[in-house]
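Enquirer: need the 3D shape of this:
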Amino acid sequence: TSMPSPTTVHLHGIWGSSPKNVYAVGQIGTVLHYDGEQWQQVYRLPVDVTAVAITGFGPHDIFVVGDEGLILRYDGAQWERLSSGTKNALYGVWGMDPEHVLAVGDFGTVLRWNGKDWKAFNAGTENFLYSVWGDALDNIFIAGLSGTLAHFDGTSWSLQPTRLRADLLGVTGLPGQRPVAVGTLGTALSDTENGWVSEETNCDTGLRALWMAADGTAFAVGDKGTVLQRKPIVR
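Expert: Just a heads-up that it's a prediction; the model follows:
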């Protein structure tokens with residue numbers, strides 16, 4: 001069902017803590033909020049910098065990342081632009097809690113928030129990075145250009161071999177279970193005891209994002225209106 005929107009700019013990311021507290025972000029640093037009844041614009045940058053991704057930890061702790069090193073934070077009262085220390089575009093953001101957040105982007109950029117400021121967190125690659133996910137501070141995955149996958153074990157990053165030429169645009173999973181990743185050329189991968197293994201999707205269109213339900217059912221969306229579903233895999 002179509003909903004009235006207070007903006008005409010392109011929107012790139014969405015996140016919510018409940019059906020009555022949903023945020024969407026997009027061009028010109030635009031942030032929209034839905035309160036269960038209507039969408040309203042609650043923030044907009046004075047310059048044309050696009051917000052790309054958003055995550056949060058309830059209604060009073062929200063992070064937004066985007067082009068030119070953009071990072072915004074909402075504390076429940078106001079939006080603030082934080083210093084990221086980079087002008088590289090940021091495409092993905094994930095965190096365990098308000099004091100442990102990661103952002104990833106161009107040229108292998110990985111930034112880590114410690115509750116006070118953002119610091120570089122080199123993952124050992126200069127490839128563009130598009131997505132980040134983890135289920136613990138010692139089990140974090142990053143996906144990016146030309147099959148790039150990196151894993152953080154709490155001590156150091158390690159690059160995961162995939163032998164792919166496709167760009168990986170999304171990675172996600174469930175706590176205590178192995179993650180999955182998707183990307184261009186209809187690419188889908190799952191992490192196994194023998195490393196990352198390709199899965200057949202029967203499509204060659206780009207897959208740009210995915211989400212996994214609590215039962216392990218995965219949904220992927222992408223170019224040309226592509227929507228895929230993968231049933232839980234029992235190992």
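
Enquirer: tell me the contacts of the residue nearest to the spatial centre of the chain?
Expert: Closest residue to the average C-alpha location of the chain: Gly92 at 3.6 Å, with C-alpha atoms, centre = their mean. Gly92 makes contact with Ala53, Val65, Ala103, Val104, Gly105, Leu129, Tyr130, Ser131, Val132, Ile142 under the criterion C-beta atoms under 8 Å, 6 or more residues apart in numbering. The way it works is simple: take the backbone N, C-alpha and C, and place the C-beta from them, glycine included.

Enquirer: now do the SS call for it.
Expert: strand (DSSP: H, G, I helix; E, B strand; the rest coil).

Enquirer: now Phe128, nearest residue through space, not along the chain?
Expert: Leaving aside its sequence neighbours, Phe128 sits nearest to Leu145 (C-beta to C-beta, 6 or more residues apart in numbering; 4.4 Å).

Enquirer: separation between Thr55 and Pro4?
Expert: Remark: distance between Thr55 and Pro4 (C-beta to C-beta, to the nearest Å) = 25 Å.

Enquirer: more neighbours, these two?
Expert: Thr55 (20 against 6; other C-beta atoms under 10 Å).

Enquirer: grab the nearest non-local neighbour of that one.
Expert: In this structure, Thr55 finds its nearest non-sequential neighbour in Val93, 5.0 Å apart by C-beta to C-beta, 6+ apart.

Enquirer: thought that neighbour was touching Gly105?
Expert: No. Using C-beta atoms under 8 Å, Val93 is not in contact with Gly105, being 9.5 Å away.

Enquirer: can you tell me which of the contacts of Gly92 are in helices?
Expert: Among those, DSSP state H puts none in helices.

Enquirer: let's have the residues you listed in JSON lines, adding neighbour count and pLDDT.
Expert: As requested, these are exported to JSON lines (neighbours: other C-beta atoms under 10 Å; pLDDT from 0 to 100):
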{"residue": "Ala53", "neighbour count": "25", "pLDDT": "96"}
{"residue": "Val65", "neighbour count": "28", "pLDDT": "97"}
{"residue": "Ala103", "neighbour count": "30", "pLDDT": "99"}
{"residue": "Val104", "neighbour count": "27", "pLDDT": "99"}
{"residue": "Gly105", "neighbour count": "28", "pLDDT": "98"}
{"residue": "Leu129", "neighbour count": "28", "pLDDT": "98"}
{"residue": "Tyr130", "neighbour count": "25", "pLDDT": "98"}
{"residue": "Ser131", "neighbour count": "26", "pLDDT": "98"}
{"residue": "Val132", "neighbour count": "28", "pLDDT": "98"}
{"residue": "Ile142", "neighbour count": "31", "pLDDT": "98"}
